[in-house]
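A.B. asks: 3D model of this:
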Amino acid sequence: MTGFEAIDALLAESRQEVELPPAEERRALRESLNLSRTQVARVLGVGPSTVGGWESGREPAGEVRERYAYFLQGARTKLEEPASPQKSAPVDESSATAESEGPGGADEVETLPASEACVLCGHPALHQVAGFPQHLDPAECGGPDELLRQAAPATDLGEGVRTADAPSATATPVPSGGLVSGEPVKVVPVGRRVQSAAEVPDRIGDAVTAALAAHAGDVEAATAALVRRAIPDAMALLDETRKGGRYDIVAHPWIPDVLRKQTARGADQIWEARPKWFRPELPAGRHEVTALDINGAYLSALKTHLPIGRLEHSTDSVHDRRRAGVHLITPPVWEHEAVLPNPLGNRDEPGPLWVTEPTLRLLLRMSGPDHGLCDPPVIHESFTSGATEGLLEKFRVALKDARDRAIVAGDEVTFEYVKAMYSKFVATMGESNYNRELYRPDWMHLIRSQAFANLWMKAYKAYDEGLVVVRAMGTDELHVSGDWRGVFPEGRGVSEVKVKDTYTVGGDAGSGAGK
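C.D. replies: Numbers count the residues shown, from 1 in each chain. Just a heads-up that it's a prediction; the model follows:
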């Protein structure tokens, strides 16, 4: 091919990138049609968080951009159509069936031969709209009365007549309070309502069962396969646990320069306050030291104050506890290095630095009247947003419960799978090629800093209870001397610690805690 022919071929293959409406209009179009992000994501072949990112300003590319533009144009056209009496009238079974019989049924409503899980609430639904099972009446979506009505067995009343509403001659009478005698029904919260715990899909358990079946019971192979898919599975679990949530997760917000890497392989400007401390001198005598392993450090740290939306700049020197983010501070002098690590971690450079919300709150707490260990930090400027401590709480609890069950059952496959899910979730939500659905470097720093702050608080608790704190490292290692079992419960749970190592310092064993 000549140079000119190559240019002609290149021009023939090229195409202009289709324009999309502004981000706020994208969300408005979807919501005006009463469509969830999950519904849109499913037909576009992406995750719900990705759709949320597009609605926050992130731009899709390639073929998926064209499909998204086609959806948005179709949504705009549908909203501009004049409302017809047929569309505004309530939909019953007969009208739904009639609409589905023709190829051009406007609402694409079909009656299902058997109930299927609603894509919005997960409860059984008897209809599907645009190919997705869901309730036609929003009041029925997730309603316990609707669940009972749909699940009730049909009862013969005569030839050719069956109904689910008539009582059976052998049915167990229901007391006026709505309770049935027998085993109690365990329930879980779903939005403002509750549903039977047995109906909640066990995404983690199902994945483990499928992996073991696919690898003929080979534990090592199944574990390796599950660990490889931990990131997308964690994102799917996050989407599942966010259903009915009070706040939408903004997956790809605008990020200030302090949170962006300065070079391709460099770091941003945020200081995470990672402790790497050892006590320089121990009291005279022989010390039996126990190295404690803090279980599930990152899992526990998912419970932290996370900014919900876009970070906003402020030069206010007063900390607002209703908001969270990153702060430029001048840290206080720490005068207790001989017995406790600096809450700021090991930092030799003087002057102001950018710290996260957990670090700032820890410093403010230690400077308060209850502790008085240092002066308060000086806040120069901040990037914050309205925040909540419970944004990832359902996600955290789902992982914790699966981890606890795995420990009780001795199920190391599930244990390693869950561990990979939360650790990789935290590690890849920053600038990572492994997780394109969530870009929140601010969350990554905050969660990691919360893990460091949690370790520091355990060190302080040990010190306050009379133990000798010998060493504190990273997020999960604390060395103490003394009766630590009177301070910390031992075990594999996330609120417990386990022994990593024991050794002796002083006397015949030598001296110095830093060995």
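A.B. asks: Now the phi/psi pair for E357, please.
C.D. replies: phi -60, psi -50 (degrees, to the nearest 10).
A.B. asks: which residue sits closest to it, ignoring its sequence neighbours?
C.D. replies: Distances taken as C-beta to C-beta, 6 or more residues apart in numbering put A324 closest to E357, at 4.2 Å, once the chain neighbours are dropped. For the C-beta atoms, the positions are set from N, CA and C on the backbone; glycine is no exception.
A.B. asks: Next, give phi and psi for H313.
C.D. replies: Torsion angles, degrees, to the nearest 10, at H313: phi -80, psi 140.
A.B. asks: doesn't H380 make contact with it?
C.D. replies: No: here H313 does not reach H380: they are 11.6 Å apart, not a contact under C-beta atoms under 8 Å.
A.B. asks: Look at these two and report which has more neighbours.
C.D. replies: H380 (14 against 10; other C-beta atoms under 10 Å).
A.B. asks: Quick one: mean pLDDT over the helix or strand hosting the more buried one.
C.D. replies: For H380, the host element (DSSP states H and E) is strand 378-388. Mean pLDDT, computed over strand 378-388, is 95.
A.B. asks: quick one: contacts for I447?
C.D. replies: 298, 301-302, 304, 306, 426 (C-beta atoms under 8 Å, 6 or more residues apart in numbering).
A.B. asks: Run a quick neighbour tally on T111.
C.D. replies: 12.
A.B. asks: Show me what the one helix or strand it maps to is packed against.
C.D. replies: Following DSSP H and E, one finds T111 within strand 109-117. Using 3 or more C-beta pairs under 8 Å, 6 or more residues apart in numbering; DSSP states H and E, the elements in contact with strand 109-117 are helix 93-101, strand 124-129, strand 132-133.
A.B. asks: Could you list the low-pLDDT ranges of the stretch 101-250 of the chain?
C.D. replies: Judged by pLDDT under 70, the stretch 101-250 of the chain has its weakly predicted residues at 101-109, 117-123, 128-183, 185-201.
A.B. asks: Try it again at 80.
C.D. replies: Residue ranges of the stretch 101-250 of the chain with pLDDT under 80: 101-201, 244-249.
A.B. asks: Can you name the two of the contacts of I447 that sit furthest apart?
C.D. replies: Greatest spatial distance among the contacts of I447 (C-beta to C-beta): Y298 and L306, at 13.9 Å.
A.B. asks: Which one's more surrounded, those two?
C.D. replies: L306 (24 against 21).
A.B. asks: Next secondary structure after the strand holding H380?
C.D. replies: Downstream of strand 378-388 (by DSSP H and E), the next one is helix 393-409.
A.B. asks: quick revisit: so in that sheet, which strands flank the strand holding T111, and in what orientation?
C.D. replies: strand 124-129 (antiparallel) (DSSP bridges).
A.B. asks: Could you export stretch 264-282 as PDB, CA atoms only?
C.D. replies: Taking C-alpha atoms only, stretch 264-282 is exported to PDB below (Å, rounded to 0.1, in the frame of the first residue of the first chain):
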ATOM      1  CA  ALA A 264       3.500   8.900  35.800                       C
ATOM      2  CA  ARG A 265       5.200   6.800  38.500                       C
ATOM      3  CA  GLY A 266       5.200   9.400  41.200                       C
ATOM      4  CA  ALA A 267       2.700  10.200  44.000                       C
ATOM      5  CA  ASP A 268       0.200  12.900  44.700                       C
ATOM      6  CA  GLN A 269       0.600  15.400  47.600                       C
ATOM      7  CA  ILE A 270      -1.400  13.600  50.200                       C
ATOM      8  CA  TRP A 271       0.300  12.300  53.400                       C
ATOM      9  CA  GLU A 272      -1.400   9.200  54.800                       C
ATOM     10  CA  ALA A 273       0.400   9.200  58.200                       C
ATOM     11  CA  ARG A 274       1.600   5.600  58.000                       C
ATOM     12  CA  PRO A 275       3.300   4.700  61.300                       C
ATOM     13  CA  LYS A 276       6.700   3.000  61.300                       C
ATOM     14  CA  TRP A 277       7.700   3.500  64.900                       C
ATOM     15  CA  PHE A 278       9.600   1.700  67.600                       C
ATOM     16  CA  ARG A 279      10.100   2.700  71.100                       C
ATOM     17  CA  PRO A 280      13.800   3.800  71.400                       C
ATOM     18  CA  GLU A 281      14.200   2.700  75.000                       C
ATOM     19  CA  LEU A 282      12.500   0.100  77.300                       C
END
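A.B. asks: next one: it to chain centre, how far?
C.D. replies: Relative to its chain's centre, stretch 264-282 lies at 26 Å (C-alpha atoms, centre = their mean, to the nearest Å).
A.B. asks: Also stretch 203-221?
C.D. replies: The answer for stretch 203-221 is 23 Å, by C-alpha atoms, centre = their mean.
A.B. asks: related to what we said a few turns ago, want to throw the contacts of I447 into TSV with secondary structure, pLDDT and distance to V408?
C.D. replies: TSV is the format used below for these (DSSP: H, G, I helix; E, B strand; the rest coil; pLDDT from 0 to 100; distance: C-beta to C-beta, whole Å):
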residue	secondary structure	pLDDT	distance to V408
Y298	helix	95	21
A301	helix	96	23
L302	coil	96	21
T304	coil	96	27
L306	strand	96	30
V426	helix	94	25
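A.B. asks: out of those residues, who's nearest L238?
C.D. replies: Nearest member of the contacts of I447 to L238, counting by C-beta to C-beta, is L302, at 10.4 Å.
A.B. asks: Hmm, K394 and the closest one touching each other?
C.D. replies: No: L302 lies out of contact with K394 (C-beta under 8 Å); the separation is 10.3 Å.
A.B. asks: More neighbours: which of those two?
C.D. replies: Set L302 next to K394 and count neighbours by other C-beta under 10 Å: L302 wins out with 23 against 19.
A.B. asks: which residues does the more buried one contact?
C.D. replies: Residues counted as contacts of L302 (C-beta under 8 Å, 6+ apart) are 392-393, 395-396, 399, 422, 426, 447.
A.B. asks: mind redoing it with 10 Å?
C.D. replies: When contacts are counted by C-beta atoms under 10 Å, 6 or more residues apart in numbering, L302 touches 296, 391-393, 395-397, 399-400, 422, 425-426, 443, 447, 450-451.
A.B. asks: picking that back up, looks to me like the residue nearest to E357 is in a strand.
C.D. replies: Yes: the assignment for A324 is a strand, going by DSSP: H, G, I helix; E, B strand; the rest coil.
A.B. asks: ok, it to L306 distance?
C.D. replies: Going from A324 to L306 by C-beta to C-beta, to the nearest Å gives 6 Å.
A.B. asks: which residues are in contact with both of those two?
C.D. replies: If you check A324 and L306 against C-beta under 10 Å, 6+ apart, the residues they both contact are 357, 385, 387-389, 391, 442-443, 446.
A.B. asks: Just flag the most distant two among the residues you listed.
C.D. replies: Farthest pair in the shared contacts of A324 and L306, by C-beta to C-beta: E389 and D442, 15.2 Å.
A.B. asks: Counting neighbours, go ahead and name the busier of those two.
C.D. replies: D442 (28 against 11).
A.B. asks: so the helix or strand harbouring that one versus strand 378-388, what angle?
C.D. replies: Using DSSP H and E, D442 sits within helix 441-464. Between the axes of helix 441-464 and strand 378-388, defined by axes from the mean of the first three to the mean of the last three C-alpha atoms, to 10 degrees, the angle is 110 degrees.
A.B. asks: Tell me the first helix or strand C-terminal of helix 441-464.
C.D. replies: Defined by DSSP H and E, the subsequent element after helix 441-464 is strand 468-473.
A.B. asks: Now that following strand: average pLDDT?
C.D. replies: The model assigns strand 468-473 a mean pLDDT of 96.
A.B. asks: Give me the sheet partners of the next helix or strand after it and which way each runs.
C.D. replies: For strand 468-473, the following helix or strand on the C-terminal side (DSSP H and E) is strand 477-481. Strand 477-481 has the following strand partners under DSSP bridges: strand 287-294 (antiparallel), strand 468-473 (antiparallel).
A.B. asks: All good on my end, thank you.
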